[in-house]
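A.B. asks: please find the sequence and the predicted model below.
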Amino acid sequence: MKELYSRIYTLLSIIILWIKWVYAKDDANDYELERQNKYELSEDDKYYMIFMDNGNSDNKKEKRQEVDGFINLMVNEIHSLIIENKDTYRDIEKFEEIKEEDEDEKKRKKKRKEEGEESHYAMDYGDTNFVYPISTVGNSTVLYAYLSHDLVEKIKKMKGINEITPNRFVKLTANYNINEIIEETQWKEVGIKENAPLHLSLISQGKYSKENIGHYDTTYYYPKTAGKDIDMIFLDSGFNFKHPEFNNTDERIVKCVVKISNGKVETVSDERFCGTTDRYSDYHGEMISDIAAGIEKGVASKANIYGIALKVWFGDIKEVDIFAGLQYIIDHLIREYKTVINLSFGSFYAMAEETEAILHYQKLINEIIEKKGIVVAASGNNGLSAYDEVSGNAFYPCSFDQVICVGGVNGVNGFNKDTYERAMESNYGESVNIYAPYEVNVLYQNSKGMNLEAYPEGTSFSSPIVSGIIATLMSENPDTRFTIKTMMDYLTELGQKSIIYGMVSGPGNLFVNNGKQRIYYQENTYIRCDPLIEKTIQCPENQFCTDEGFCEEIKLEENDLNSNPGNSTLIESIIPEITSTTTTNEPPKTTTYSIKSTSNATTPTKTNTTSMKKTSTTTKKTTTTSKKASTKITTTATTTLTKKSTTKKTTTTKKTTTTKKTTTTKKTTTKKTTTKKTTTTKKFTTKKTTTKKITTKKSTTKKVSTTTISMSLEL
């Protein structure tokens, strides 16, 4: 009896601790909301974003000069109001400081003009730091201004002003403290690993099972093109490309492009270094760029890297700098069908009412999609739903339509069914499209020039893993014009479905894979079963081959004991056939497969397409239209997928013209992937904004709105 009481007590203690943890997380998020609300409601002088209508309703490029003239008139008018209303400012010292900066800048401009020197800014912001433009998309322009509380009310009444909101801060979505790691490990130089790190090996093989596989394959297999001629753009805290991880500049471009502070885009003096001086940033930008495209630790080691460094303020980045960064990308960096943009930051917003900030945010994203770029974002590390109708909060940019949102999966719990468990801190839910490793192994160089190694975690690193895979898929299929939708379709085709432990099976349960799912160990031996491929493991009579390539025992109901177990061999278990080209013990240099599409203009497609998340039977009137018709994913394959082996002279071609249900019969266990007639999937469309509603990944007719919420760098 005492033992029973002891067990009950232990169980109750665990439940109480879990409840406390849940409430603690809610309290933490409530605190962030409260902190941001206090900041916004305070009557102190502060920087604001002014959202105005610039008159370009038809969005014609030839009207740009006229629009610029109108914007300058508004800037001058607001500047005059600021000077005239000096007495409304509480912080006169700050006011005079900005005024003095303006005078100094005028002198510097005059001197540069006389000496023929160029400005250190990438564009002309006018003659004052009190108010200046930072972003224009279509008929929407954002000005950045230092205003008193009273002056805000006056400017709101001006014609063409839609909204004025205080600047916000955004979290970088990582969970680590680099100083603690260095103190604990006493690292002085780079640590070199003979085998590829787990975050790489996991994404290039199928589900690992200790019961079926004796040894884990630590090799990272990837297309040899490795992202060649694909542009990866990172908007983050700072970058240091002096590390050996980025030394292969003979075969790709690696550079800092610009740095941004208070919405102003500045040129950089050193293209190899634009690191932050903020000690709270923990080298966030340096690490995500390594995970995505570093030579040893990165997914796409031949992809071009363009870093845009955002000013970090005590671990936070400003929303105004994000807007300016996205605007710069739109104006200068996008190459059609060759650009992947990684955003490893975000914050929760309340969905109480629409704000011009979120509307403009999505317009910037939509403009990138219109220019045929692909946007990938982190889901965040709050352990909450990224789009929660109950709490009324949404995590942006993850929850924006037209964004591939990435959650995190643990990889260090030992190799059992929990290996692919969603990380406790990772946000989840309908806004999250796909999951990738949450914990990574990175190399970076600190501000003192020391080469170090670290093991950070967070969806900040899950996101660049997927970005890197996208780059490799694009480089391997150069004739395919991938859009945001077709790329997500392809990732769904290649990904491992419903293997993430603790999550409901279905479209949202998707672990990223680059197309290579066979598992090898010792002398190139393939250790999985596959009914369609010879010379693989053959399951015994009382077992069947699962979709994942494992032999599992057939479980019969009591009244079926006399039935023939051999019937299980009729199961339609089709496993992707990716033929090995080379397998060596020298990772990560091994190239193991090649996928070629027989169509030059379509996405490489398998027959077991599964529908993506966000189902709905209604059509939503938002900034992207006709989502229902444009995003349905059919399960009928019409494209022939050819897989080619370089170790053989023959080419294996599989063509399927019937609908595949991927039904695995286990007598009492059935796995199905079907498509409902009225189901719509995630809405990746590329139509321009036609209304003032926020298009989110939640496909209900509920109006998605936002008020301001804290956005700090989550390190």
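C.D. replies: Yep, it's here. Every value quoted in this text rests on a predicted model; they were computed, and no experiment measured them.
A.B. asks: can you pull the buried residues of stretch 126-142?
C.D. replies: Of all the residues in stretch 126-142, those buried under the rule 16 or more other C-beta atoms under 10 Å are 126, 128-142. No exception for glycine: its C-beta is placed from N, CA and C like everyone else's.
A.B. asks: now do it: distance from first to last residue.
C.D. replies: Distance between the two ends of stretch 126-142: 15 Å, counting by C-alpha to C-alpha, to the nearest Å.
A.B. asks: and for stretch 366-378?
C.D. replies: 18 Å.
A.B. asks: stretch 291-301 now?
C.D. replies: 9 Å.
A.B. asks: equivalent analysis for stretch 430-444, please.
C.D. replies: Here the two ends of stretch 430-444 are set 34 Å apart, with distance taken as C-alpha to C-alpha.
A.B. asks: hmm, who's touching stretch 290-297?
C.D. replies: 192-193, 197, 199-200, 227, 232, 234, 243-248, 298-301, 303, 305, 342, 440-444, 461, 464-465, 467-468, 471, 588 (C-beta atoms under 8 Å, 6 or more residues apart in numbering).
A.B. asks: among the buried residues of stretch 126-142, which lie within strands?
C.D. replies: 131-137, 140-142 (DSSP state E).
A.B. asks: how about these in a markdown table, adding pLDDT and distance to Glu114?
C.D. replies: What follows is those, written out as a markdown table (pLDDT from 0 to 100; distance: C-beta to C-beta, whole Å):
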| residue | pLDDT | distance to Glu114 |
| --- | --- | --- |
| Val131 | 91 | 27 |
| Tyr132 | 90 | 24 |
| Pro133 | 89 | 26 |
| Ile134 | 87 | 28 |
| Ser135 | 87 | 32 |
| Thr136 | 87 | 31 |
| Val137 | 86 | 36 |
| Ser140 | 87 | 37 |
| Thr141 | 90 | 32 |
| Val142 | 90 | 33 |
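A.B. asks: count of neighbours near Asn366?
C.D. replies: A count of nearby residues for Asn366, using other C-beta atoms under 10 Å, gives 24.
A.B. asks: now for whichever helix or strand it is part of, which elements pack on it?
C.D. replies: According to DSSP states H and E, Asn366 maps onto helix 356-370. Where contact means 3 or more C-beta pairs under 8 Å, 6 or more residues apart in numbering; DSSP states H and E, helix 356-370 is packed against strand 46-53, strand 131-137, strand 140-147, strand 161-166, helix 319-332, strand 373-378.
A.B. asks: quick check: angle from it to helix 319-332?
C.D. replies: Between helix 356-370 and helix 319-332, the angle comes out at 20 degrees (axes from the mean of the first three to the mean of the last three C-alpha atoms, to 10 degrees).
A.B. asks: now helix 356-370: mean pLDDT?
C.D. replies: Mean pLDDT, computed over helix 356-370, is 93.
A.B. asks: next, the angle from that helix to strand 140-147.
C.D. replies: Using the same axes, to 10 degrees: helix 356-370 against strand 140-147 is 140 degrees.
A.B. asks: relative to strand 46-53, how tilted is helix 356-370?
C.D. replies: Using the same axes, to 10 degrees, helix 356-370 lies at 60 degrees relative to strand 46-53.
A.B. asks: now the angle from helix 356-370 to strand 161-166?
C.D. replies: Going by the same axes, to 10 degrees, helix 356-370 is angled at 100 degrees with respect to strand 161-166.
A.B. asks: all helices for the stretch 351-500 of the chain, in order.
C.D. replies: 356-370, 459-476, 484-494 (DSSP state H, counting those that start in this stretch).
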